[in-house]
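Colleague: Please find the sequence and the predicted model below.
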Protein chains: 2
Amino acid sequence: MGLDLGVDVAELTAAIVDIESVSGAEKALADAVEGALAPLGHLRVERDGDAVIARTELGRAERVVIAGHLDTVPVNGNLPSRVVGDRLYGCGTSDMKSGLAVMLKLAATVAEPRRDVTYLFYECEEVEEARNGLARLALSRPEVLEGDFAVLMEPTYATIEGGCQGTIRVEVTAPGERAHSARSWMGSNAIHRAGEIIDILRAYRPRKPVVDGLEYHEGLNAVFIRGGVAGNVIPDECVVTVNHRFAPDRTLDEAEAYLRELFAGFTVKVVDGAEAARPGLHHPAAADFVAAVGGTPRAKLGWTDVARFSALGVPAVNYGPGDPPLSHTKDEYVEIPRIRECEERMRAWLT
Amino acid sequence: MGLDLGVDVAELTAAIVDIESVSGAEKALADAVEGALAPLGHLRVERDGDAVIARTELGRAERVVIAGHLDTVPVNGNLPSRVVGDRLYGCGTSDMKSGLAVMLKLAATVAEPRRDVTYLFYECEEVEEARNGLARLALSRPEVLEGDFAVLMEPTYATIEGGCQGTIRVEVTAPGERAHSARSWMGSNAIHRAGEIIDILRAYRPRKPVVDGLEYHEGLNAVFIRGGVAGNVIPDECVVTVNHRFAPDRTLDEAEAYLRELFAGFTVKVVDGAEAARPGLHHPAAADFVAAVGGTPRAKLGWTDVARFSALGVPAVNYGPGDPPLSHTKDEYVEIPRIRECEERMRAWLT
């Protein structure tokens, strides 16, 4: 299953989509990517597990990283790919094999970029953190992620989405005291007490800070609630799981401190969290990118792998041809003109 | 395993306790009760499943029913029974084999009561409604429960507890609309919405109506709450299970209507419910009972099988030697003086 990098980017996207690569089973696609890039004299190509790293080594003053994940969510009766008008349908077309096709076209054809380029293809983005290929490389070989700027080709409908918001989940627990529900005043109802936690959530007004020129929009939400012992017992515990999304002007530690203060008087236990990423659009490589791509960059509100670059001090943005709402759907498709647009703009930036 | 009804009521209690009768396995005890009562010429004794019914048929103008369940919760390393000072320890001592011993002593020795008496021993009170022996008889042979007044010998520490409160459980559902928690304003959070349900619960002030001279104390409590889809999704449903305990001046239908009005705007689904029972202490047989027993009757706040009598138009009270908080505990015991007290007072009432 070789990949012919000489074909048009849309045709290349279809070829990549037709190599199934559900998370954990990316080997065939990683082999095809490695096999297509290895013969190119202007690239140094390495394999690391099911990640493929291809670098120009021209001694340029700056280096940029262009990254994308090889895996998709499970196939849902939506393979092989098919073209209908201007759309290419199939699993992974938007998220994010059209981005991989752009990367491969650039890697094959831009032999002398203005800045050195690292093309980084990795596995297991669609599954749990512990399996994420970029997380693995960031730990084992952080130098692979190093650069002055990074572009992650996740679906953004060909718009720059800068940085990403952080996320933290905490369990906020309301206490109580059990009693028979026929004599409820002998106890103390933890679910009723949890009303105070919900009061705080309802009174919350989100910050919308502007960071590096982009406006973010925070959020604070209960995502789970559970409580109760039996149908005739006053419950002695009610746990509200709260998810806070925070803008990149705050660290994860600051977000945690904010929640602990907000829910003072309740037990607050951190479940998980991830740092936000600043867009860093003032860096020269980033400014050039914005100029080449055009349009108005917007803030990325969800958390993405750009934060892994940010954690290493590399400013990063999301930019890719896919359409975010179509990700993970049975009817996933990508608009072919968006793929061509991304390829052209990226090429203009690199050359 | 015969029962000798000639022994003292405390010794008889111990003998009954030592015949294991966990719910569903009452046969040995039912056999022993039937075998002890059948030879007595002044009683007509019947067996119905594992229920035993023994009646005087003296043609008195009134009839009273004295009832008790044969079963216990599972044994918990607390058999055989043992006496320590004034206490008899063991599974079922309080709930309610000391009551059964009083019934058997009265049945054996009060050959000519002032009112005809029905002694009713039944199975499966400690388990689900569908297996309850009194519920079965109320449906299949309601005449067995008929009388002018009934005493259920559940543990009350030798105090009259009149009637019982009703209970109804409803699921109150707050709706929402799913969205990614990074863009929560695209959805609507059902858990936050459920705050309005908890507001209603927190604002609730219980009625304490006086019914037939006894003060009841209602209650309205969340006993369960659940909601949540995933850690990054705004939840679209939150369900609060509410238990309302209502005084016997209201019917189950009225309690349901009250809840539907209280939670107007939310989906309200009835899970289960049971009617309350009026104490009916103004009936002559009841007034005589109160006079004979002495003390100040109080309202029964929990639901008990007295409601099954009430549903057939028979006023009923709880009265027995056991101590309610000791029921179902490993260290369950009964105070022997309370057993003797109950036997004496009941004998005074019947003769």
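Modeller: Looks like it came in fine. Note that the structure is a prediction, hence the values are computed from the model and not measured.
Colleague: just how off-centre is stretch A:170-180 within its chain?
Modeller: 35 Å (CA atoms, centre = their mean, to the nearest Å).
Colleague: can you check stretch A:240-260 too?
Modeller: For stretch A:240-260, the distance to the chain centre is 18 Å (CA atoms, centre = their mean).
Colleague: What are the boundaries of the strands in the stretch 101-250 of chain A?
Modeller: A:116-122, A:149-152, A:161-162, A:166-175, A:210-211, A:214-215, A:219-228, A:237-246 (DSSP state E, counting those that start in this stretch).
Colleague: Any residue of the last one touching chain B?
Modeller: This points to strand A:237-246. Yes - interface with chain B: strand A:237-246 contributes A:238, A:240-241, A:243, A:245 (CB under 8 Å from any CB of the partner chain). For glycine as for every other residue, the C-beta is placed from the backbone atoms N, C-alpha and C.
Colleague: now swap in the fourth one and tell me
Modeller: Yes - residues of strand A:166-175 are located near chain B by CB under 8 Å from any CB, namely A:167, A:169.
Colleague: What residues of that strand count as buried?
Modeller: A:166-174 (16 or more other CB atoms under 10 Å in any protein chain shown).
Colleague: Against which helices or strands is it packed?
Modeller: helix A:190-203, strand A:237-246, helix A:252-262, strand A:267-274 (3 or more CB pairs under 8 Å, 6 or more residues apart in numbering or on different chains; DSSP states H and E).
Colleague: Quick one: distance of the third one to the chain centre.
Modeller: Offset of helix A:252-262 from its chain centre (CA atoms, centre = their mean): 23 Å.
Colleague: pull the CA atoms of that helix into PDB?
Modeller: Only the C-alpha atoms of helix A:252-262 are listed here, as PDB (Å, rounded to 0.1, in the frame of the first residue of the first chain):
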ATOM      1  CA  LEU A 252      -3.400  25.000  35.700                       C
ATOM      2  CA  ASP A 253      -2.300  25.800  39.300                       C
ATOM      3  CA  GLU A 254      -4.000  29.100  39.100                       C
ATOM      4  CA  ALA A 255      -7.200  27.500  37.800                       C
ATOM      5  CA  GLU A 256      -7.100  25.000  40.700                       C
ATOM      6  CA  ALA A 257      -6.600  27.800  43.200                       C
ATOM      7  CA  TYR A 258      -9.600  29.700  41.700                       C
ATOM      8  CA  LEU A 259     -11.800  26.700  42.100                       C
ATOM      9  CA  ARG A 260     -10.700  26.000  45.700                       C
ATOM     10  CA  GLU A 261     -11.600  29.600  46.600                       C
ATOM     11  CA  LEU A 262     -14.900  29.500  44.700                       C
END
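Colleague: Can you mark which positions in that helix are buried?
Modeller: Using 16+ other CB under 10 Å as the test for burial, helix A:252-262 gives A:252, A:255-256, A:258-259, A:262.
Colleague: just for chain A, where's the confidence low?
Modeller: By pLDDT under 70, the low-scoring segments of chain A are A:1.
Colleague: gap between the helix or strand harbouring residue A:10 and the chain center?
Modeller: Under the criterion of DSSP states H and E, residue A:10 resides in helix A:9-17. Between the centre of helix A:9-17 and the centre of its chain there are 22 Å (CA atoms, centre = their mean).
Colleague: Stretch A:183-190 now?
Modeller: 46 Å.
Colleague: Kindly report the same for stretch A:65-80.
Modeller: Its chain's C-alpha centre and that of stretch A:65-80 lie 14 Å apart, by CA atoms, centre = their mean.
Colleague: Quick one: end-to-end distance for it.
Modeller: End-to-end distance of stretch A:65-80: 30 Å, with CA to CA, to the nearest Å as the criterion.
Colleague: Is any residue of that stretch near chain B?
Modeller: No - Stretch A:65-80 lies out of reach of chain B by CB under 8 Å from any CB, never closer than 14.2 Å.
Colleague: cool, and stretch A:176-192?
Modeller: Yes - contact of stretch A:176-192 with chain B (CB under 8 Å from any CB) involves A:180-185, A:189, A:191-192.
Colleague: Let me have those residues in a markdown table, adding neighbour count as columns.
Modeller: Listed next are these as a markdown table, based on neighbours: other CB atoms under 10 Å in any protein chain shown:
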| residue | neighbour count |
| --- | --- |
| A:180 | 17 |
| A:181 | 28 |
| A:182 | 22 |
| A:183 | 15 |
| A:184 | 23 |
| A:185 | 12 |
| A:189 | 29 |
| A:191 | 28 |
| A:192 | 24 |
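Colleague: I'd like the residues you listed as CSV, with distance to residue B:278 appended.
Modeller: Formatted as CSV, these follow (distance: CB to CB, whole Å):
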residue, distance to residue B:278
A:180, 21
A:181, 21
A:182, 17
A:183, 20
A:184, 22
A:185, 23
A:189, 28
A:191, 31
A:192, 30
